[in-house]
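Student: generate a structure from the sequence data that follows.
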Amino acid sequence: MPENRLAHTVAWQRGNGKRIEYLDAHGRVHKMRSSYEVHYAQHLDRLSVEWDYEPDRLLLSDGRVYVPDFRIGRRYVEIKGWAGLKGTDKVELARADGHDVELLVGGEALAATTASVA
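Tutor: As a prediction, this is how the structure comes out:
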C-alpha cells in the first residue's frame, strides 16, 4: 500500500462542478465530486477497508437512476455536504426498494468510525 496518498484539484470539469482526483491505497485514481468524499476515502484506506467509488447505477422503482458514492461490501454509502441535502429523496427511495444505503452528512463523513463501515 503506498504511504504517500495524493488528493489534489484538477482542471477537469463536468457541468458546473470541479472534480477532485484521489489516488487510493491500491494506486487507482478516482475523480470525486467533493472534499468530503475524498476525506471519507482516505479514512477507509487508513482502515484498510475495501471500497469502490460510484460503481453501480441503481434503477429506482420510480424510474430514476441513483448512483451511490461508495460501495463497501453490500452496503452503499452516500456522502452529503453541510449545505443542503439535495438528492436525499433518491437515498430514501433506494432504501424503500431494499438497498442498504447509509447517509453521512458533513462532519459525519469525516468522523466516521469503523462501526459505520463494518
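Student: contacts and neighbour counts: CA atoms only from here.
Tutor: Noted.
Student: can you list the buried residues in the helix of greatest length in the chain?
Tutor: For the chain, the longest helix by residue count, based on DSSP state H, is helix 35-46. By neighbour count on 16 or more other CA atoms under 10 Å, the buried set for helix 35-46 is Ser35, Tyr36, Glu37, Val38, His39, Tyr40, Ala41, Gln42, His43, Leu44, Asp45.
Student: please apply the same query to stretch 26-34.
Tutor: Quick answer for stretch 26-34 (16+ other CA under 10 Å): His30, Lys31, Met32, Arg33, Ser34.
Student: okay if I get those residues as JSON lines plus distance to Ile72, pLDDT and secondary structure?
Tutor: Shown next, in JSON lines, are the buried residues of stretch 26-34 (distance: CA to CA, whole Å; pLDDT from 0 to 100; DSSP: H, G, I helix; E, B strand; the rest coil):
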{"residue": "His30", "distance to Ile72": "15", "pLDDT": "93", "secondary structure": "strand"}
{"residue": "Lys31", "distance to Ile72": "18", "pLDDT": "92", "secondary structure": "strand"}
{"residue": "Met32", "distance to Ile72": "16", "pLDDT": "92", "secondary structure": "strand"}
{"residue": "Arg33", "distance to Ile72": "18", "pLDDT": "87", "secondary structure": "coil"}
{"residue": "Ser34", "distance to Ile72": "18", "pLDDT": "85", "secondary structure": "coil"}
